[in-house]
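Undergrad: Provided below are the primary sequence and the corresponding predicted coordinates.
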Amino acid sequence: MTYAADLIEEETAYLAFHFHWGMDAVLDLEHADRRGYVARARALVEQG
């Protein structure tokens, strides 16, 4: 199973914007870790 490129781009942009991480750092994350950080970022935004 592959992960859609558009979803990877969305996650990368989201994490780069909210955590100020570079693309390489985000793409080096395992899929589950990246999804976990996206969820954490969204929770922080919602707490806002």
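TA: Arrived safely, thanks for sending.
Undergrad: what pLDDT, on average, does the lengthiest helix in the chain get?
TA: In terms of residue count, the longest helix belonging to the chain (DSSP state H) is helix 31-47. Here helix 31-47 scores 95 as its mean pLDDT.
Undergrad: what is that helix packed up against?
TA: helix 5-19 (3 or more Cβ pairs under 8 Å, 6 or more residues apart in numbering; DSSP states H and E). Every C-beta, even on glycine, is put in place using the N, C-alpha and C of the backbone.
Undergrad: ok so, going back, what about the longest helix of the chain, distance to the chain center?
TA: Taking Cα atoms, centre = their mean, to the nearest Å, one finds the center of helix 31-47 at 7 Å from the center of the full chain.
Undergrad: give me the contacts around that helix.
TA: Residues from elsewhere that reach helix 31-47 (Cβ atoms under 8 Å, 6 or more residues apart in numbering): 3, 11, 14-15, 18-19, 26, 29.
Undergrad: change it to 6 Å
TA: 11, 14-15, 18 (Cβ atoms under 6 Å, 6 or more residues apart in numbering).
Undergrad: tell me how many other residues surround Asp33.
TA: A count of nearby residues for Asp33, using other Cβ atoms under 10 Å, gives 11.
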